[in-house]
Structures are given as C-alpha cells and as structure tokens.
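K.L.:
Have a look; sequence and predicted model below, questions after that.
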Amino acid sequence: AQSVSQHNHHVILSEAASLELGCNYSYGGTVNLFWYVQYPGQHLQLLLKYFSGDPLVKGIKGFEAEFIKSKFSFNLRKPSVQWSDTAEYFCAVGGFKTIFGAGTRLFVKA
Amino acid sequence: NAGVTQTPKFQVLKTGQSMTLQCAQDMNHEYMSWYRQDPGMGLRLIHYSVGAGITDQGEVPNGYNVSRSTTEDFPLRLLSAAPSQTSVYFCASSQGAYNEQFFGPGTRLTVL
C-alpha cells in the first residue's frame, strides 16, 4: 500500500537556523511529489513539486527539496528560517488517491 | 477567480443528523477531492472525482456520500453524523489527478 512518512511531528527552531524536514514514501509507480504548507488559520497551499528531471527542486519563499529515488525520500530544506515560516508542512505523493504524510509542525522562535 | 470555495465555515451537528458540505471551483478543473484533517494524521482522502458523473472512494469513505453532476460542484454528504466525524474538511481541485491541488478554506465540523 502507498504511504508517506514524515519523520518529525514537531520542530522548534530559532530564526536563521537551517531547516530539514524528512519525507519518505512508499509507492510502486512513477511518483509526483509535493510539499504543501498550511500557515496558521489558512488553507493548504503548494510549496513545491517534483514530477521529473532535476531532482533538486526550488519552491516559494526560499524552500527547496531533493528527490533521492534510491532512498525513496523527498526532504524539504531551507538554509535560514524566519518567524513567518511557522506553519504545518505536509509531504504528499500525487495521484488518483493522493496520500499525505501526517504533517510536521514548525515553530520558529523570533 | 474565486478558486475553491466551501460552505459553511463552521457547523455543529447532533449525532444522527445529516448535512451537506458544499464545494465549488471556478477553474474548470476535472479532478476534485474531499479530505478530512485530524491532528497527527495529516489529510486523509474521503472521496474523489475525475469528472462530472464519475466518483470513487478514497481511504476513509464510510459515512460519506458524494456526487458530481457538474464540473464546478462536488458536495459531500454526511448521512448520519457521528462524533468520529468531528474534523476539518477540505475540498480540493486540480487539472488532472497528478497535478498540484488547490484547496478550499475548510469546514470545521463538530458532532455532539
């Protein structure tokens, strides 16, 4: 069965710290991978996506993610977080039955 | 464009009551879906539709019905509400099942 695993449920960082959120997936076919973000009180919006090609993809607000096929991973990174990055982050494998991970709540201390 | 709209924003039901959550999109997207979001469990797919007249079950379809008579609308019906259906419900649409999804603002449902 398809699954998406996010390693950290809660992360607390200080401003300017680097961020890496882990995501591993289990899926038998061609994968379309996504990271979505949900800011407090807002609905989900796309952060970045990977369909094919360069495994290092860049998204909005300085986020990037690397697709490593051999590790079934799609980790999200940001070199220097800001207070405004406080949000919940979801990794997802797209398809007719899109599967989301459980989410990681990030809190950035000012 | 309004994008994906959902009504109501909040709803309180008693056990056994039925209701319909409305979802509409104005982007002419073929694919629409309903999710529920529960703490620590992420988003779980309830039902989805790949076009008008075509729907299918997701991970957690029990207790919910859907229909898709037009491209724009995709209502979710709770047949007989139970406390286990207390959740936040999100509707989403996309141009194709494998593309990025656009989400509505959500409906927070409490079943007493």
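P.N.:
Thanks, I have the structure now.
K.L.:
what's the offset of the longest strand along chain B from the middle of its chain?
P.N.:
When chain B is scanned for its longest strand (criterion: DSSP state E), the result is strand B:42-51. With Cα atoms, centre = their mean, to the nearest Å as the basis, strand B:42-51 stands 7 Å off its chain's centre.
K.L.:
Nearest residue to A:His7 in space, please, no chain neighbours.
P.N.:
Closest residue in space to A:His7, ignoring its immediate chain neighbours: A:Gly22 at 3.7 Å, by Cβ to Cβ, 6 or more residues apart in numbering or on different chains. To be clear about C-beta, it is placed using only N, CA and C from the backbone, and glycine gets the same treatment.
K.L.:
any bit of stretch B:78-94 sitting next to chain A?
P.N.:
Yes - Stretch B:78-94 lies within reach of chain A by Cβ under 8 Å from any Cβ of the partner chain, at B:Phe90, B:Ala92.
K.L.:
Need the CA coordinates for that stretch. CSV is fine.
P.N.:
The C-alpha trace of stretch B:78-94 is given here as CSV (Å, rounded to 0.1, in the frame of the first residue of the first chain):
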residue,chain,number,x,y,z
LEU,B,78,-22.9,13.1,5.8
LEU,B,79,-25.6,10.5,6.0
SER,B,80,-25.9,10.1,9.8
ALA,B,81,-23.4,12.2,11.7
ALA,B,82,-21.2,10.5,14.4
PRO,B,83,-18.8,12.1,16.9
SER,B,84,-16.0,10.3,15.0
GLN,B,85,-16.7,12.6,12.1
THR,B,86,-15.7,15.7,14.1
SER,B,87,-12.9,17.1,11.9
VAL,B,88,-11.9,19.8,9.5
TYR,B,89,-12.9,19.0,6.0
PHE,B,90,-11.1,20.3,2.9
CYS,B,91,-12.2,20.3,-0.7
ALA,B,92,-9.5,20.5,-3.4
SER,B,93,-9.4,20.6,-7.2
SER,B,94,-6.7,20.1,-9.8
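K.L.:
list the buried ones in that stretch?
P.N.:
B:Leu78, B:Ala81, B:Gln85, B:Thr86, B:Ser87, B:Tyr89, B:Phe90, B:Cys91, B:Ala92, B:Ser93, B:Ser94 (16 or more other Cβ atoms under 10 Å in any protein chain shown).
K.L.:
Against which helices or strands is the longest strand of chain B packed?
P.N.:
On a contact count with 3 or more Cβ pairs under 8 Å, 6 or more residues apart in numbering or on different chains; DSSP states H and E, strand B:42-51 meets strand A:87-93, strand A:99-100, strand B:31-38, strand B:54-57, strand B:64-66.
K.L.:
Quick check: A:Phe34 is in a strand.
P.N.:
Yes - applying DSSP: H, G, I helix; E, B strand; the rest coil, one finds A:Phe34 inside a strand.
K.L.:
got a list of contacts for stretch A:100-110?
P.N.:
Under the contact criterion Cβ atoms under 8 Å, 6 or more residues apart in numbering or on different chains, stretch A:100-110 has outside partners A:4-15, A:17, A:19, A:21, A:23, A:36, A:38, A:81-92, B:35, B:40-44.
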